[in-house]
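Asker: What follows is a protein structure lacking sequence information:
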């Protein structure tokens with residue numbers, strides 16, 4: 001699935017991207033990681049809104065805590081590869097970011113993302 005995205009009603013986010021390349025890397029990873037789905041797909045929300053930003057961050061935070069390096073992606077910052085770790089403020093700044101990824105209820109997300117991740121990890125040696 002090709003990702004379609006846009007920023008709705010958030011001129012501050014557009015200005016942030018223009019002033020800071022690392023901030024764009026954070027947004028880009030939410031949308032697409034290389035040739036794979038972006039972090040928003042794994043979080044299970046098609047958009048970040050005022051209404052869902054808290055749960056979006058909670059889901060992302062849970063996933064970040066399960067990753068080896070604490071980040072969902074590795075990006076370049078000042079010539080170095082660093083884990084990309086999102087703060088609550090990072091997500092709240094991105095309210096208005098929308099994609100064509102499917103939404104998942106909390107129950108669907110827990111079953112389809114979180115439990116699959118746990119089971120896959122348990123099978124690894």
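Answerer: Sure, I can see it. A quick note: this is a predicted structure, and the numbers were derived from the prediction, not measured.

Asker: The closest residue to residue 44 other than its chain neighbours in helix, strand or coil?
Answerer: Among residues not flanking residue 44 along the chain, residue 104 sits closest, at 3.3 Å (Cβ to Cβ, 6 or more residues apart in numbering). (Glycine included, C-beta is placed from N, CA and C.) With DSSP: H, G, I helix; E, B strand; the rest coil as the basis, residue 104 sits in coil.

Asker: Strands along the protein, start to end?
Answerer: Assigned by DSSP state E, the strands in the chain fall at 5-7, 32-33, 36-37, 73-77, 80-84, 97-99.

Asker: picking up where we left off before, residues contacting the residue nearest to residue 44?
Answerer: With contact taken as Cβ atoms under 8 Å, 6 or more residues apart in numbering, residue 104 is in contact with 44, 45, 112, 113.

Asker: Got phi/psi on it?
Answerer: With angles defined as degrees, to the nearest 10, residue 104 sits at phi -130, psi 140.

Asker: Tell me the pLDDT of residue 109.
Answerer: You'll see residue 109 listed with a pLDDT of 91.

Asker: check contacts around it.
Answerer: 43, 44, 59.

Asker: Thanks a lot, catch you later.
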